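Student: below: sequence and its predicted model.
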Amino acid sequence: MRDFTDRTEAGRVLARLLTDARLPDPAVLALPRGGVPVGLEIARALRCPLDLVMVRKIGVPSQPELAAGAVVNGETPEIVVNERIAAHARLDRAAIERLAEVQLAEIRHRRSLWLAGRAPVALAGRTAIVVDDGIATGATMRAALKATRRRGPARLVLAVPVAAPDTLDALRPLVDEVVCAKTPAFFGAVGAHYRAFDQVSDDAVAEMLAEADGFAPRADSSGPG
């Protein structure tokens, strides 16, 4: 039996857990695309803003699917390097930064597409709730959490419907609180825990973010997305 019907149901399950936690002045940051429908239900329940935290893999040029690191958008972009793979591929810091800039350009394009120029939500002094539809290895989430912490939230919360237990334990030191509905011993892939796990379209992401604008005022943050 699958844990969740779809991402919307998973978001509602998490929303109930987060409502019980009574987090002060929350803002939800979803990892697109799969985290957006989950985050939408949380933002709806908490009547708070929904924004994106956007992570792109930095692939090895000769093997683009092999990640030498990841980069996260923000006023000061966060670059997380897989030192073992970078060394094997003979990529020094300057090379990693050049590759990261290509991915940052793609992030800026996608943010413009999905958010239509709306400024990032200010996080200073707030409870930042970072959301995805599940966590397997945690590499992307680790980069997202580090970048979000640098934006100065008063409290940082990781919220996911389902995660591999060992991965979740490895991420706990990066946050103030973890909210996770399911931690199955035999994890497999994230999609295995959903009955419906279709790809979320660009149009759907844009529509969900526009809908969330009605939940709470969007306090502008300084700096680019």
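Tutor: Perfect, thanks for sending it.
Student: use CA for all of it now, contacts and neighbours both
Tutor: Noted.
Student: can I get stretch 125-140 as CSV, trimmed to CA atoms?
Tutor: Provided in CSV are the C-alpha atoms of stretch 125-140 (Å, rounded to 0.1, in the frame of the first residue of the first chain):
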residue,chain,number,x,y,z
GLY,A,125,13.2,36.7,11.9
ARG,A,126,10.6,34.3,10.5
THR,A,127,10.0,30.5,10.7
ALA,A,128,11.2,29.2,7.4
ILE,A,129,9.6,25.8,6.5
VAL,A,130,11.6,24.1,3.7
VAL,A,131,9.4,21.5,1.9
ASP,A,132,9.8,18.8,-0.7
ASP,A,133,7.7,15.7,-1.7
GLY,A,134,10.2,13.3,-0.2
ILE,A,135,13.9,12.8,0.5
ALA,A,136,16.0,9.8,-0.7
THR,A,137,19.7,10.8,-0.7
GLY,A,138,19.3,14.3,0.7
ALA,A,139,22.0,16.0,-1.5
THR,A,140,19.5,18.6,-2.9
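Student: adjacent strands (with direction) for the lengthiest strand in the chain?
Tutor: Assignment by DSSP state E gives strand 63-72 as the longest strand of the chain. In the sheet containing strand 63-72, its partner strands are strand 55-60 (antiparallel), strand 78-81 (antiparallel), by DSSP bridges.
Student: could I get the buried residue list for it?
Tutor: Neighbour counts over strand 63-72 (16 or more other CA atoms under 10 Å) mark Ala67, Ala68, Gly69, Ala70, Val71, Val72 as buried.
Student: where in the protein is pLDDT low?
Tutor: 1, 218-225 (pLDDT under 70).
Student: quick one: the helices in it?
Tutor: Remark: helices assigned in the chain by DSSP state H are 7-21, 35-46, 83-88, 93-115, 139-149, 165-171, 202-212.
Student: domain parsing for this protein?
Tutor: Domain segmentation of the chain under automatic domain parsing yields 7-53+119-212, 56-115.
Student: give me the distance between the two termini of the last one.
Tutor: Okay, so that is domain 56-115. Taking CA to CA, to the nearest Å, domain 56-115 runs 17 Å from one end to the other.
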